[in-house]
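Quick one, fold the following:
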Amino acid sequence: MNPPRKVPDKPPAMLDEQIALLRRRGMIIVDEERTKHSLRHLNYYRLRGYWMGFETPGDGSGGHSFRPGTTFEAVIQLYEFDRRLRLEINDAIELFEVSLRTSWAYFLGCKYGQVAHRNAALFNAKHPDLLQGMEKLYNKRKEVFLRHYLKRDEEPPIWVLCEALSLGELSKWLRSLKNHRDRQAIARIYKMHETPFVSCVGHLAYLRNVCAHHARLWNRSLVVATPKLPKKPRELVEQLQDDPQRSLRLYNSLTLMAWFIRVIDPNSTWPKRMHRLIAERSDLQEEMGFPQNWENFELWR
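A predicted model of the protein is given here:
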């Protein structure tokens, strides 16, 4: 057990004190009751991640002031934009996750049999860990489709197992496939080479976790699980940004999602909805990595 950490000399601040502090730092607060309501339900430190962009450079003492004209309402509008962005991303990743589950299970099941996931010859040295995780999943998940097999002491077929896997778990199973041709057969469904495809799956799993934990996303630097950008097909590559200043921002992630959705459901309204949402905040597009004239790219038209 780790020794107890030192308790900081920072007592909690009441809501009125939080408002007074924001005002001292120069934030304009018109409606105190509404502001107090937001602070009560959204948490001062959660909102702090959104008002940091409104601060002026400090002197190192931690007492950053806000730029003249900064309003609490502007912070809430930015928070609401980020929340809507996460909801749209969750919608896209759900569509992709369900499709990938199906593609993975269908290919392996048809080629190697209904319990292909038990075949150690198909996977690398991580296979025992994957099986151990699968057994833990069987013990804690209570879905009827799993109990149907487990109550009879039967191994759930791979097309049943896949429905219980998270995108993160699915990413590990995909990455662990030993044979390049097996990974490529799955990636080909999404018109990509297997190496960047496997990387993109891991990246979307990371984004899925960010959204699931309701973390700030719009200006996040995506240095964790950064996707390896594909070199083809050309119509996708031309719409991605390989500039280091932009490649770690959200634009590439959204473009990859739009590509996958066009493959999975060409009639989906998701690209149009995302286009409308991003267009609402032209002031944020550069920090999100969007290039000039992005609206003219084919995936977003």
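
Look at the residue lying closest to Leu21 once chain neighbours are set aside and say how many residues are nearby.
The shortest distance from Leu21 to any non-neighbouring residue, by CB to CB, 6 or more residues apart in numbering, is to Ala13 (6.8 Å). The way it works is simple: take the backbone N, C-alpha and C, and place the C-beta from them, glycine included. Neighbour count for Ala13, taken as other CB atoms under 10 Å: 13.

Ok, the one 3 residues further on next?
Applying the criterion other CB under 10 Å, we find 11 residues in the vicinity of Asp16.

Give me the nearest residue to it, chain neighbours excluded.
Lys36 (7.6 Å).

returning to that earlier point: for the residue nearest to Leu21, helix, strand, or coil?
Secondary structure, DSSP: H, G, I helix; E, B strand; the rest coil: Ala13 is coil.

Just want the phi and psi numbers for it.
phi -110, psi 130 (degrees, to the nearest 10).

what pLDDT does it get?
In this model, Ala13 is scored at 90, pLDDT.

From Gly26, how far off is it?
18 Å (CB to CB, to the nearest Å).

secondary structure element for Tyr106?
Using DSSP states H and E, Tyr106 falls within helix 72-112.

mind giving me the domain split of the protein?
Annotated domains of the chain cover 22-51+65-76, 84-283+291-300 [automatic domain parsing].

could you say what helices and strands the next helix or strand after the helix holding Tyr106 packs with?
Scanning forward in sequence from helix 72-112 by DSSP H and E, the next helix or strand is helix 127-140. Using 3 or more CB pairs under 8 Å, 6 or more residues apart in numbering; DSSP states H and E, the elements in contact with helix 127-140 are helix 167-176.

need the next SSE after the helix it packs on, C-terminal direction.
Heading C-terminal from helix 167-176 (DSSP H and E), you reach helix 180-187.
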